[in-house]
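Engineer: Next input, structure requested:
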Amino acid sequence: MDTSSSGVRLPCLALEHAGGGSDKPVLFSISERKVIDGGGDIPGLTNANAWATPQGWILVRDAAAAAAATFLQNPRDSYDTIPLPHLPQDDLPPRRCTCLLSGKPAGGDGGCVVLLVHPFSTVFWHCRVGGDGDGEWAKHDTCPKKTLALLVPSPPKDKPALFSISEKKAINGGDIPGLTNTNSWVTSQGWILVRDTASATTFLQNPRDFDDKIQLPHLPQDVHISSTCLLSCKPTMPGCVVLLVEPVGTIIWYCHIGDDEKWVEHEYDIGTQVLDPPLDGKDHEKVPICWIAACQGKFYFGGFESIGVLEFSPSPTFSSIAIIDPIIGGLGVMGMASLYMVESLDELYMVCQMYDSDMKTIYDVTVYRMDFLKQQWCIAEDIGGRAFLVASCYFGASRSADECGLEKDCVYSTFARDKYFEVCKVEDGETEEYDLIEAPDSQGGMWILPVEKK
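Structural biologist: Numbers count the residues shown, from 1 in each chain. Predicted coordinates:
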């Protein structure tokens, strides 16, 4: 029989209390097949701060100690610990992680690696035993960053179907918990704005890490589901604004992350335009915001003759930039085109998809880059090895083609209703179509992208 310095017989089972009755595990003797008398205890061990290893050592994150510490604990000797870098609170691995050691952590050559494997994703954490606890834990994803198309199936299904664009096929069992067809808005930064009616909460969700959420004020029920959602910058940066632009009318909703207690509804007025033909006896209407993107903390919208600028300081302020030498015939020979604003590496681009007379066939795609010094749109011959992804609701995003398994210097467009997506080369306009195999009937499609945190 093996007994520790605290009187605990090993091996034993550490059983969690059900219902939250205690934060300390119950120790159960395997050899005697009963609970260890006196409750048995391993100092510092709780239900939520420790991960056992096959080698017997227990990884413990002790936040209650005078100096927060993370270490390997010998369960037979409470004084036998090996210090490690402290596991950070803001990126704490789930308690269900699998913990492994690459070798013997004590008395070795210092090369032992401590590994924590996430229970239901492709993420793991690791550090190297260094003797004094210096250094940091590193987080790694075993899967390359893949770009997904989110398809919205027709009723009665309420869950979106996920397709891998890099692999060009449906993702079996693909699901993002809590996400439905009517409660979420994607952003070009990858974060998804989710309004959860069951818990009456609203948050930004990282689609690759279900535990990674940023809480927001609860969003009112009457926000249009087809609104465009944008972030002024990375949501972890001070002053980040979450913006929703409604597709009908001249309404925006916004909140400042961490500062506002509720969403603000704002009706804007940036001018009028002619209604041709007149509608309901009116020959003019207010100009709505259409294609829009966030770039360097501001929101830009508009087109060929001028660019609108929306800033928050902290209330919304509108201005405009006149374009010198506007592009002639930018909407193509038929005067019909889809426009998208895209921010890429702190530069502003505009994608113009020109349609043939059938209003379905895209015969040309041109990408422009904004030169703010010259106040001109310049034709882009390439986009720096990136891939642009555009979709309905004026969605436009940029990602590293290499990291996402996409083609460099190409524009990706999704046509979910017709069950295909299109890839167009920026340099020469050469276009290829790819069928969305096994796609359900869909009302529309949006891109789900990896969050860029760098």
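
Engineer: His126: neighbouring residues, count only.
Structural biologist: Under the neighbour criterion other C-beta atoms under 10 Å, His126 is assigned a count of 15. Any C-beta I mention is one placed from the backbone N, CA and C, and that applies to glycine too.

Engineer: For it, grab phi and psi.
Structural biologist: In this entry, His126 is assigned phi and psi values of phi -150, psi 150 (degrees, to the nearest 10).

Engineer: just use 46 as the starting number from now, easier for me
Structural biologist: Sounds good: first residue 46 from here, last item His171.

Engineer: what are the phi and psi angles of the closest residue in space to it that isn't next to it in sequence?
Structural biologist: Leaving aside its chain neighbours, His171 sits nearest to Leu160 (5.0 Å; criterion: C-beta to C-beta, 6 or more residues apart in numbering). When quoted as degrees, to the nearest 10, the phi and psi of Leu160 stand at phi -120, psi 130.

Engineer: check contacts around Leu160.
Structural biologist: 144-147, 169-171 (C-beta atoms under 8 Å, 6 or more residues apart in numbering).

Engineer: Mind doing that once more with 7 Å?
Structural biologist: By C-beta atoms under 7 Å, 6 or more residues apart in numbering, the contact set of Leu160 is 145, 169, 171.

Engineer: Closest one to Ala339 out of those residues, please.
Structural biologist: Phe169 (32.3 Å; C-beta to C-beta).

Engineer: excluding its backbone neighbours, what's nearest the closest one?
Structural biologist: Counting by C-beta to C-beta, 6+ apart, Phe169 lies nearest to Val162, which is 4.7 Å off, once chain neighbours are set aside.

Engineer: hey, what's the one you found bridged with?
Structural biologist: On the basis of DSSP bridges, Val162 takes part in beta bridges with Thr143, Phe169.

Engineer: cool, and Leu289?
Structural biologist: Bridge pairing for Leu289 (DSSP bridges) gives the partners Cys274, Trp298.

Engineer: I'd guessed it sits against Val268; true?
Structural biologist: Yes: between Leu289 and Val268 there is a contact at 6.0 Å, judged by C-beta atoms under 7 Å.

Engineer: I'd assumed Pro138 was in contact with the residue nearest to Phe169.
Structural biologist: No: using C-beta under 7 Å as the test, Val162 is too far from Pro138 to be in contact (8.8 Å).

Engineer: neighbour-wise, which of those two wins?
Structural biologist: Neighbours of Val162 and Pro138, each counted by other C-beta under 10 Å, are more numerous for Pro138; the result is 23 against 18.

Engineer: could you say which helix or strand contains Leu384?
Structural biologist: For Leu384, the host element (DSSP states H and E) is strand 382-389.

Engineer: ditto for Val435
Structural biologist: Under the criterion of DSSP H and E, Val435 resides in strand 431-436.

Engineer: what about the stretch 246-395 of the chain, any weak spots by pLDDT?
Structural biologist: Applying pLDDT under 70 to the stretch 246-395 of the chain picks out residues 374-380.

Engineer: one more time with 90, if that's ok
Structural biologist: Low-confidence segments of the stretch 246-395 of the chain, defined by pLDDT under 90, are located at 252-256, 266-267, 270, 293-294, 304-306, 316-332, 335, 347-350, 370-383.

Engineer: before we move on, the earlier item: report all helices and strands that the following helix or strand past the strand holding Leu384 contacts.
Structural biologist: Following the chain from strand 382-389 toward its C-terminal end, the next helix or strand by DSSP H and E is strand 392-400. When contacts are defined as 3 or more C-beta pairs under 7 Å, 6 or more residues apart in numbering; DSSP states H and E, strand 392-400 sits against strand 382-389, strand 407-416.

Engineer: would you turn those into JSON lines with distance to Asp220 and mean neighbour count?
Structural biologist: Listed next are those as JSON lines, based on distance: least, C-beta to C-beta, whole Å; neighbours: other C-beta atoms under 10 Å:
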{"stretch": "strand 382-389", "distance to Asp220": "28", "mean neighbour count": "22"}
{"stretch": "strand 407-416", "distance to Asp220": "32", "mean neighbour count": "19"}
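
Engineer: what about the ones you listed, which gets the closest to Asn251?
Structural biologist: Nearest to Asn251 among those is strand 382-389 (19.3 Å), distances taken as C-beta to C-beta.

Engineer: neighbouring contacts of that closest one?
Structural biologist: Applying C-beta under 7 Å, 6+ apart, the contact partners of strand 382-389 are 233, 336-340, 345-346, 348, 376, 393-400, 428, 431, 433, 435, 439, 441-443.
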